[in-house]
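K.L.:
sequence first, then the predicted structure, then my questions.
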Amino acid sequence: QLVESGGGLVQPGGSLTLSCAASGFFLEAYAIGWFRQAPGKEREGISCINSDGGSTNYAGSVKGRFTVYRDGAKNTVYLQMNSLKPEDTAVYYCAAVHAVSSWKCSPNYYDMDYWGKGTLVTVSS
């Protein structure tokens, strides 16, 4: 099971850090993707990190503003979001896929093994 947390209301230009915690399995064997879905839009892959944390990848819409990283000791992956914009408003999901560390993840990869239920991020003044 994956559980996202850390969403909320933030002003434009602000920051939030989302967490993706796993229970029942260890994330160290999994690549993690972050996705979001805005109202009336399709789900969008925005970031990913491979299983050993050595490789990350970002969609152009968030590159330079968002950072994904993992803490093995806490069995948790984080998404640090800076310089937030109103268009970042969405439900954010994390997902996990079992993968070797040499596999380079892509934000466009959707065939994940586990999905969380999402956390809402609202960027508004």
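P.N.:
Received the coordinates, thanks.
K.L.:
what sits closest to residue 57 if chain neighbours are left out?
P.N.:
In space, and not counting its chain neighbours, residue 57 is closest to residue 48: 5.2 Å by C-beta to C-beta, 6 or more residues apart in numbering. Bear in mind the C-beta positions are built from the backbone N, C-alpha and C, glycine included.
K.L.:
contacting residues for that neighbour?
P.N.:
31-34, 56-57, 68, 105-107, 109 (C-beta atoms under 8 Å, 6 or more residues apart in numbering).
K.L.:
same question, residue 24
P.N.:
With contacts defined as C-beta under 8 Å, 6+ apart, residue 24 is in contact with residue 1.
K.L.:
in a strand, it, correct?
P.N.:
No: Residue 24 sits outside any strand when classified using DSSP: H, G, I helix; E, B strand; the rest coil, being coil.
K.L.:
gap between it and residue 2?
P.N.:
Distance, residue 24 to residue 2, by C-beta to C-beta, to the nearest Å: 10 Å.
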